[in-house]
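> let's see this in three dimensions:
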Amino acid sequence: MKKYLLITITLLLYSSRVISQNDYGKVWVNGAPISYKTIFNSNNLINQFYDSINTFLFSNSNSDICDVNGNLILASTSCDLFDANAQLIQNGDTLVPSVIYQAYDGSIPYSQASIILPVSATKYYFITPTVSDSEYNANWNGSSGRILFDMMYCHTIDMSANNGLGAVVRKKQVLLEHAELGTTRMTACRHGDGNSWWLLKQGYDSNIVYKFIFTKDTIYGPYIQRFAQPYFTKFDYTGQSSFSKDGTLYATSNTKAQKVFVANFDRCSGNLFNPRVIDVPNPWSNNPFDSTELDIFISGVTFSPNGRFLYIVKQFNIMQFDIQDTNPNTQWCHVGGLDTTWAAFQYYCLAYPGPDNKLYIGNWNGFSPAMSVINNPDVKGAGCNFCPKCLRFPHHPPYTGGYVTTPPNMPNYKLGATNPPCVVGVPEVGQGKKLEFSVSPNPFEQTLIIKTNFAQQETFYLYDVIGKLILTKTIEANKEQINTTNLSAGLYFYSIVNKNGERLKAGRVVKE
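Just a heads-up that it's a prediction; the model follows:
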């Protein structure tokens with residue numbers, strides 16, 4: 001047995017080393033209506049045109065990926081998938097429902113609305129949270145104030161298909177539907193096995209985090225984790241979620257409440273723990289015509305490469321928070337104001353670490369072909385070296401040039417396995433005992449009975465066919481009975497969630 005265990009661990013370690021040596025994130029694609037690709041070669045950047053014929057919008061919700069050798073193979077506007085030459089890959093068109101696709105010309109205007117995850121040398125998952133036609137028609141053009149994503153798709157790409165040109169071989173696999181998801185804030189982190197992925201997506205009008213595991217052969221989830229604070233209002237249309245470079249910290253921004261949520265992350269179990277809410281200061285907006293105007297909106301949040309500093313990108317200012325500093329008088333530093341004049345300034349947007357360990361800060365609401373850079377993000381205060389408009393993109397006559405908004409949504413592709421590695425599997429609780437549930441009878445009439453071998457304050461949720469929560473029941477004994485006499489006959493869905501918000505079991509039952 002020990003021999004086989006040693007072989008398994010050796011293979012896992014070897015696999016994680018191969019994964020960690022990849023160049024999946026070597027090239028960034030962004031920009032509209034002319035788009036660019038930024039190639040990270042050692043410490044030198046090369047900016048080139050990607051699509052120079054004024055066609056596609058690689059802005060806000062854009063993502064892309066290279067192969068393991070750093071050759072660009074896929075780029076997305078969030079609604080379509082393109083190859084290295086800005087041509088649609090086979091079956092790579094219209095990857096979201098038709099109404100929102102047509103409304104936004106194939107480029108959803110919300111950040112972190114797509115991401116690409118590699119699970120082998122040729123297999124990739126492309127994930128797109130989106131909105132159904134019915135939800136869009138009912139609320140997005142009305143006065144309800146309800147603008148959310150209510151579903152999430154996964155598309156599987158095989159780069160060995162279509163004579164090596166790549167193809168979407170499974171399209172619009174439903175991960176979530178009848179859900180309430182924010183229009184922003186989705187990111188991913190390598191699982192502790194070094195090959196699979198955790199994907200986290202923030203909910204809407206709450207602080208609910210939906211979690212999935214993507215392996216080479218299977219997608220697990222959603223698992224749900226809830227936190228009381230901060231409360232994300234239904235008007236939070238901007239924001240960013242980020243992991244630290246080593247995957248041990250998670251942060252997400254609350255735009256309207258001026259707060260940032262930070263928690264530790266377990267790459268094996270997917271558990272968020274030690275939650276912390278950071279109140280973000282509101283500096284002056286730099287408006288020369290109003291000395292009292294404060295910068296109250298948060299756009300982005302990202303970690304320094306060493307994980308010590310959290311950079312909060314507001315509309316007009318860049319702030320640095322020292323996670324290790326407990327002194328409120330010294331834990332905050334203001335590192336950057338406007339990156340141009342007030343008249344020419346376009347609001348800051350998201351920030352991402354580049355392969356060169358610098359931070360790149362995008363803009364929105366303007367037409368500048370440049371991004372600002374933090375050159376030494378591991379240094380506290382002004383020493384981090386904020387450089388206004390230092391990443392510049394070429395012009396393209398007769399156009400004056402395209403404009404850039406945000407860097408692509410990319411996780412840390414180089415992150416390897418934990419030490420020791422862990423495997424994807426069903427968590428065990430208690431003294432090595434596997435948690436088991438039964439929900440019966442099915443069909444049922446007046447009573448549902450829930451049996452478990454290890455009650456530990458789990459919660460039973462029952463939903464109707466359109467996803468509306470009907471009832472909840474805390475499981476505090478090995479057998480719980482639920483009176484269902486008030487329920488109408490029909491189909492219901494249930495989930496059982498532990499105290500950490502992780503879904504342990506789900507299924508469907510019918511009332512006769």
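> can you pull out the low-pLDDT segments for the stretch 401-512 of the chain?
The model of the stretch 401-512 of the chain has pLDDT under 70 over residues 401-402, 425-435, 453-457, 465-467, 499-503.
> need the strands for it, in chain order.
According to DSSP state E, counting those that start in this stretch, the stretch 401-512 of the chain carries its strands in the segments 437-440, 447-452, 458-463, 469-475, 479-483, 490-497, 503-511.
> ok, now how distant is Thr187 from Phe386?
From Thr187 across to Phe386, the span is 24 Å (Cβ to Cβ, to the nearest Å). In this view, the C-beta of every residue, glycine as well, is placed from N, C-alpha and C.
> could you give the mean pLDDT of the helix or strand hosting Met319?
Using DSSP states H and E, the element containing Met319 is strand 318-322. On average, the pLDDT along strand 318-322 is 97.
> to the chain's geometric centre, what's the distance from whatever helix or strand comes next after it?
Sequence-wise, the next helix or strand downstream of strand 318-322 (DSSP H and E) is strand 332-336. Relative to its chain's centre, strand 332-336 lies at 26 Å (Cα atoms, centre = their mean, to the nearest Å).
> what helices or strands is the helix or strand that comes right after strand 332-336 leaning on?
The helix or strand immediately downstream of strand 332-336 is strand 348-353, counting by DSSP H and E. Here strand 348-353 touches strand 298-303, strand 309-314, strand 359-363, going by 3 or more Cβ pairs under 8 Å, 6 or more residues apart in numbering; DSSP states H and E.
> quick one: contacts of strand 348-353?
The contact list for strand 348-353 (Cβ atoms under 8 Å, 6 or more residues apart in numbering) reads 60, 111-112, 238, 240, 245, 299-305, 311, 313-318, 339, 359-364, 372, 374, 377, 405-410.
> run me through the strand neighbours of that strand, direction for each.
Counting by DSSP bridges, the strands paired with strand 348-353 are strand 359-363 (antiparallel).
> check which residues of the partner strand are buried.
Leu359, Tyr360, Ile361, Gly362, Asn363 (16 or more other Cβ atoms under 10 Å).
> for stretch 124-134, same thing?
Tyr124, Tyr125, Phe126, Ile127, Thr128, Pro129, Thr130, Val131, Ser132.
> what do you get for stretch 32-49?
By 16+ other Cβ under 10 Å, the buried positions in stretch 32-49 come out as Ala32, Pro33, Ile34, Ser35, Tyr36, Lys37, Thr38, Ile39, Phe40, Leu45, Asn47, Phe49.
> how about stretch 488-497?
Those would be Tyr492, Phe493, Tyr494, Ser495, Ile496, Val497, for stretch 488-497 by 16+ other Cβ under 10 Å.
> the fifth one and Asn60, how far apart?
In this structure, Ile496 lies at 37 Å from Asn60, with Cβ to Cβ as the measure.
> and for Pro275?
Distance from Pro275 to Asn60, counting by Cβ to Cβ: 28 Å.
> neighbour count for the two, which is higher?
Asn60 (27 against 16; other Cβ atoms under 10 Å).
> per-residue confidence for Cys66?
Reported pLDDT for Cys66: 96.
> which ones are touching it?
Asp23, Tyr24, Gly25, Lys26, Val27, Leu72, Ile73.
> report the contact partners of the second one.
For Tyr24, the contacting residues are Ile65, Cys66, Asp67, Val68, Pro118, Met410, Tyr413, Lys414, taking Cβ under 8 Å, 6+ apart as the criterion.
> can we see that at 7 Å?
Ile65, Cys66, Val68, Pro118, Tyr413 (Cβ atoms under 7 Å, 6 or more residues apart in numbering).
> so how far is Gly166 from Asp356?
Asp356 sits 28 Å away from Gly166, going by Cβ to Cβ.
> which one of those two has more residues nearby?
Neighbour count, other Cβ under 10 Å: between Asp356 and Gly166, Gly166 has more, with 23 against 15.
> hmm, Ile157 and that one touching each other?
Yes - using Cβ atoms under 7 Å, Gly166 is in contact with Ile157, at 6.1 Å.
> among the contacts of Tyr24, which ones are buried?
For those, buried by 16+ other Cβ under 10 Å: Ile65, Cys66, Pro118, Tyr413.
> would you confirm that the third one contacts Thr156?
This points to Pro118. No - using Cβ under 7 Å, Pro118 is not in contact with Thr156; the gap is 11.7 Å.
> now, which of the buried residues of strand 359-363 sits nearest Met151?
Closest approach to Met151 among the buried residues of strand 359-363 (Cβ to Cβ): Gly362, at 26.6 Å.
> how about that closest one, nearest residue that isn't a chain neighbour?
Thr406 (3.7 Å; Cβ to Cβ, 6 or more residues apart in numbering).
> so who does that neighbour touch?
Contacts for Thr406 (Cβ under 7 Å, 6+ apart) come out as Asn30, Ser59, Asn60, Ser111, Cys349, Leu350, Gly362.
> greatest separation within the buried residues of stretch 32-49: which pair is it?
Across the buried residues of stretch 32-49, no pair lies farther apart than Pro33 and Phe40, at 24.2 Å, counting by Cβ to Cβ.
> all strands of the stretch 151-300 of the chain, in order?
167-190, 197-203, 208-214, 219-226, 241-243, 249-254, 259-265, 272-279, 298-303.
> looking at those, which one has the lowest mean pLDDT?
Ranked by mean pLDDT, the strands of the stretch 151-300 of the chain bottom out at strand 219-226, which scores a mean of 88.
> render the CA-only coordinates of that strand in PDB, please.
Below are the C-alpha coordinates for strand 219-226, written out as PDB (Å, rounded to 0.1, in the frame of the first residue of the first chain):
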ATOM      1  CA  ILE A 219     -17.400  19.600 -12.800                       C
ATOM      2  CA  TYR A 220     -18.500  19.600  -9.100                       C
ATOM      3  CA  GLY A 221     -20.800  22.100  -7.500                       C
ATOM      4  CA  PRO A 222     -22.200  24.500  -6.800                       C
ATOM      5  CA  TYR A 223     -21.100  24.600  -3.200                       C
ATOM      6  CA  ILE A 224     -22.400  27.700  -1.300                       C
ATOM      7  CA  GLN A 225     -20.900  29.700   1.500                       C
ATOM      8  CA  ARG A 226     -22.600  32.600   3.200                       C
END
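> partner residues bridging Phe214?
Bridge pairing for Phe214 - DSSP bridges - gives Trp197, Ile219.
> so how far is Val404 from it?
29 Å.
> can you check Lys389 too?
Distance from Lys389 to Val404, by Cβ to Cβ: 11 Å.
> show me the shaky parts of the stretch 251-400 of the chain.
Residue ranges of the stretch 251-400 of the chain with pLDDT under 70: 366, 396-400.
> quick check: Ile100 is in a helix.
Yes - membership of Ile100 in a helix is supported by DSSP: H, G, I helix; E, B strand; the rest coil.
> burial measure for it, as a count.
Neighbours of Ile100 under the rule other Cβ under 10 Å: 20.
> contacts only, for it.
With Cβ under 7 Å, 6+ apart, Ile100 has these contacts: Ile108, Thr130, Val131, Tyr136.
> can you tell me how far it is from Met151?
11 Å.
> ok, now Lys259?
27 Å.
> check what pLDDT Met159 gets.
We have a pLDDT of 96 for Met159.
> now do the contacts for it.
Neighbours of Met159 in contact, by Cβ under 7 Å, 6+ apart: Ile73, Thr122, Tyr124, Gly166.
> same deal with Cys268?
Gly192, Thr418, Cys422.
> highest neighbour count among the residues you listed?
Busiest of the contacts of Cys268 [other Cβ under 10 Å] is Gly192, holding 26 neighbours.
> ok, now which ones touch it?
Arg267, Cys268, Ala417, Thr418, Pro421, Cys422.
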